[in-house]
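Peer 1: Below are the sequence and a predicted model; questions follow.
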Amino acid sequence: MRNSLQFLLALVCLAVLAGYSNSSAAEKRYVGGDISLLPAYEEAGAKYSDHSGTPIADLIPFLGEEGMNAMRVRVFVNPGDYDGKDADPNACQTIESIIPLCRRIKDAGMALMLDFHYSDTWADPSQQFTPKQWAGLTDEELCNELYDYTRKSLLKLKDAGIVPDFIQPGNEISYGMLWGGYGTPESELKKVLMGSEANWERLGSLLQYAVKGCREICPLAKIVLHTERTGAIDVQDNFYQQMQRMKIDYDVIGLSYYPYFHGPLSSLENAIVSLESKFKDKKIMVVETGYSYKWEVPGTSCPVDYPYTEEGQNQFVKELVEMLLRHDSVDGLFWWWLEYNAYGTTLSGWYNAALFDSTTGRACAALKTLCSFSAGDGAGVSEIKTENARMDMIFDLEGRRVEKPRQGLYIINGEKKIIR
């Protein structure tokens, strides 16, 4: 009798799903953040607490309870080799050093996004310095080195029982990657500026070899091509048109968006609309975003629409989530450096766009608001507490019985509900 009841409930679930299988709520949405420095803050004694001030014993499971289901971790080639004047101790992750953190993420049941910087230091639109060990290689040798490094790095993770769900072959590569070494004259940098046909072809070759390494070792991982020209749609779209022309194999368009660098939310939405119209076969993720809960972030270049307060940060996130949920193509939202927390430590130089307040250690209100992205818009969905749900009548959106549900969207007694 019990098995028959479960079978009937599963049929009910499938019938309910059929009614909204094309809706945004039925789509898998990923929400999380880049937490690459969490081990450093834990070692420094950072004290994290929840919204009410209760201490958090382990941050990653707490973030899962809040509603996050994915995390991003960056990796550099040999960060100890970089000796530029702007050397940053935060750019310190090697493939060996991130294994414990990646294991914690996967053990928590979260998706993992691996972000290859392909440099010894930060790779971004202003600098894409070739690792010191690769200096002097010809372009052909560099392609082979990139392929070998990517494969070997992923094999080290795989041998440790860790398989990324998403892989970024390059970080913010709007103008290319592996330009040359630190201090290289500007004329020798391999930037893919508008009209630089040879450099586009060079970038295409590099990406083909990097992606080949990813596909061979992690064939199920989604490949993310990450750019950050959301405020310059012509540059942004030209990049992905070049990728299309060169037949680069990838799955996801990854964007950076910070309102104080890229302009108002309308700039991001316009960028998304343009991409949706031109690249209908690609998903879109905002793989980096952020906003300050206290004081201006140094170096900002655009006026903002929200005050630099916890309330202002939360309002930004609320409007960001509402906007993204209007676009079925968007299935990922990641906060950059969400784990920064100087409370309980001697750390200075606060990064004020984190999701924990360094003056108290408390989770900011925006954390919970950000997590609402993974559950869709919630329209027509009632909420239920885990303790109030019949444990033998909870199914996921594919009709599979769930023994220990986390926060998220489920079918309970044949109805779509969000467990909080």
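Peer 2: Here it is on my side, so go on. Note that the structure is predicted; figures quoted are calculated from it, not measured. Numbers count the residues shown, from 1 in each chain.
Peer 1: For residue 113, what is the enclosing helix or strand?
Peer 2: strand 111-116 (DSSP states H and E).
Peer 1: Give me the residues contacting that strand.
Peer 2: 30, 32, 34, 69-75, 102, 105-106, 150, 153-154, 157, 162-171, 210, 224, 226, 287, 334 (Cβ atoms under 8 Å, 6 or more residues apart in numbering). For every residue, glycine as well, the C-beta is placed using N, CA and C.
Peer 1: cool, stretch 295-311 as well?
Peer 2: Contacts of stretch 295-311 (Cβ under 8 Å, 6+ apart): 231, 258-265, 290-294, 312-313, 315-316, 351-353, 357, 364-366.
Peer 1: 6 Å - rerun?
Peer 2: 259-261, 263-264, 292-293, 312, 315-316, 352-353, 364-365 (Cβ atoms under 6 Å, 6 or more residues apart in numbering).
Peer 1: pLDDT of it, averaged?
Peer 2: Stretch 295-311 shows a mean pLDDT of 91.
Peer 1: Give the pairing partners of the strand holding residue 113; include direction for each.
Peer 2: Sheet pairing for strand 111-116, assigned by DSSP bridges, gives strand 70-75 (parallel), strand 166-169 (parallel).
Peer 1: Looking at the ones you listed, which is nearest to residue 239?
Peer 2: For the strands paired with strand 111-116, the distance to residue 239 is smallest for strand 166-169, at 14.0 Å, taking Cβ to Cβ.
Peer 1: coming back round to it: and the furthest pair within the contacts of stretch 295-311?
Peer 2: Maximum pairwise distance among the contacts of stretch 295-311 (Cβ to Cβ): 24.1 Å, between 263 and 365.
Peer 1: So which of those two has more stuff around it?
Peer 2: Neighbour comparison, residue 263 and residue 365: the larger count goes to residue 263, with 21 against 18 (by other Cβ atoms under 10 Å).
Peer 1: tell me the phi and psi of the more buried one?
Peer 2: Dihedral pair for residue 263: phi 100, psi -170, per degrees, to the nearest 10.
Peer 1: Touching, it and residue 231? I think so.
Peer 2: Yes: assessed by Cβ atoms under 6 Å, residue 263 is found in contact with residue 231 at 4.9 Å.
Peer 1: Residue 405 contacts residue 395, correct?
Peer 2: No: judged on Cβ under 6 Å, residue 405 makes no contact with residue 395 at a distance of 9.5 Å.
Peer 1: For the two, work out which one has more neighbours and name it.
Peer 2: Neighbours per residue (other Cβ under 10 Å) separate residue 405 from residue 395, with residue 395 holding more: 23 against 17.
Peer 1: partners of the more buried one in the sheet?
Peer 2: Applying DSSP bridges, one finds that residue 395 bridges with residue 401, residue 411.
Peer 1: residue ranges for the helices of this structure, please.
Peer 2: 2-20, 38-43, 59-66, 99-107, 139-159, 197-217, 233-245, 259-262, 265-278, 310-324, 365-371 (DSSP state H).
Peer 1: Tell me which of these sits most buried.
Peer 2: Neighbour counts (mean count of other Cβ atoms under 10 Å) averaged over each of those peak at helix 365-371, with a mean of 23.
Peer 1: In CSV, list the contacts of stretch 295-311 along with distance to residue 244.
Peer 2: Formatted as CSV, the contacts of stretch 295-311 follow (distance: Cβ to Cβ, whole Å):
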residue, distance to residue 244
259, 29
260, 31
261, 26
263, 26
264, 28
292, 36
293, 39
312, 38
315, 37
316, 32
352, 38
353, 33
364, 39
365, 40
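Peer 1: what's the closest of those to residue 62?
Peer 2: Using Cβ to Cβ, the contacts of stretch 295-311 come closest to residue 62 at residue 364, 13.4 Å.
Peer 1: burial of that closest one, as a residue count?
Peer 2: Residue 364 has 22 nearby residues by other Cβ under 10 Å.
Peer 1: do you know how far it is from residue 165?
Peer 2: 26 Å (Cβ to Cβ, to the nearest Å).
Peer 1: Kindly report the same for residue 336.
Peer 2: With Cβ to Cβ as the criterion, residue 336 and residue 165 are 18 Å apart.
Peer 1: who has more neighbours, those two?
Peer 2: residue 336 (21 against 17).
Peer 1: mind listing what the more buried one touches?
Peer 2: Taking Cβ under 6 Å, 6+ apart as the test, what residue 336 contacts is 34, 288, 290.
Peer 1: change it to 7 Å
Peer 2: The contact partners of residue 336, taken as Cβ atoms under 7 Å, 6 or more residues apart in numbering, are 33-34, 288-290.
Peer 1: Write down the beta-bridge partners of it, one by one.
Peer 2: Legend: beta-bridge partners of residue 336 under DSSP bridges are residue 34.
Peer 1: tell me the pLDDT at it?
Peer 2: Here, the pLDDT recorded for residue 336 equals 98.
Peer 1: Got phi/psi on the nearest residue to residue 346 once chain neighbours are set aside?
Peer 2: Using Cβ to Cβ, 6 or more residues apart in numbering and skipping the chain neighbours, the partner closest in space to residue 346 is residue 44 (7.3 Å). Dihedral angles of residue 44 (phi, psi; degrees, to the nearest 10) stand at phi -80, psi -10.
Peer 1: wouldn't residue 44 be in contact with residue 343 here?
Peer 2: No: using Cβ atoms under 7 Å, residue 44 is not in contact with residue 343; the gap is 10.4 Å.
Peer 1: So for these two, which sits in the more crowded spot?
Peer 2: Each of residue 44 and residue 343 has its neighbours counted (other Cβ under 10 Å); residue 343 has more, 18 against 14.
Peer 1: tell me the contacts of residue 95?
Peer 2: Residue 95 touches 75, 153, 156, counting by Cβ under 7 Å, 6+ apart.
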